[in-house]
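**Student:** only geometry, no sequence info:
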């Protein structure tokens, strides 16, 4: 497990370390409830509070699922990547090319962008 909190100079607490470990071991973005299931001796409010703080500090990214407005969280990878996200199982499918190359907006300097496409994967079959 990499020392994400140390790399980002974020105060290490037991709760933050447990949350980062849960997100790092996950193969998909997790809801706060799913993080709680993987963390011992922690309340849901503590999980939410720490996830929001980690988002503010740039260590964790929150995605809001269009279907139900529920938030899911994952560690920030630092890579330029875009995904299709299944609304049923929350699987993230990597898009192999960027659909938005060097956007030009009058009077606006673009420094980055993020694209997420929502729908249902073949496994969920909706």
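**Tutor:** Structure received. Quantities reported herein were computed from a predicted structural model and do not represent experimental measurements.
**Student:** At which residues are the helices of this protein located?
**Tutor:** 4-7, 14-25, 32-38, 44-56 (DSSP state H).
**Student:** right, and these - which one's nearest residue 83?
**Tutor:** Distance to residue 83, taken as CB to CB, is lowest for helix 14-25 among the helices of the chain, at 15.7 Å. Every residue, glycine included, has its C-beta placed from N, CA and C.
**Student:** now for the closest one, which elements pack on it?
**Tutor:** Here helix 14-25 touches helix 4-7, helix 32-38, helix 44-56, strand 71-75, going by 3 or more CB pairs under 8 Å, 6 or more residues apart in numbering; DSSP states H and E.
**Student:** Now do it against helix 44-56: the angle between them, please.
**Tutor:** Comparing the axes of helix 14-25 and helix 44-56 via axes from the mean of the first three to the mean of the last three CA atoms, to 10 degrees yields an angle of 70 degrees.
**Student:** What angle do strand 71-75 and helix 14-25 make with each other?
**Tutor:** Going by the same axes, to 10 degrees, helix 14-25 makes 90 degrees with strand 71-75.
**Student:** what does helix 14-25 rub up against?
**Tutor:** If you take CB atoms under 8 Å, 6 or more residues apart in numbering as the criterion, helix 14-25 is touched by 1-2, 4-5, 10, 30, 35, 38-40, 42, 46-47, 50-51, 53-54, 59-60, 73-75.
**Student:** Identify all contacting residues around stretch 39-57.
**Tutor:** So stretch 39-57 is contacted by 8, 10, 13, 15-16, 18-20, 22, 32-33, 35-36, 60-62, 73 (CB under 8 Å, 6+ apart).
**Student:** What residues sit buried inside that stretch?
**Tutor:** 39, 42, 46, 47, 48, 50, 51, 53, 54 (16 or more other CB atoms under 10 Å).
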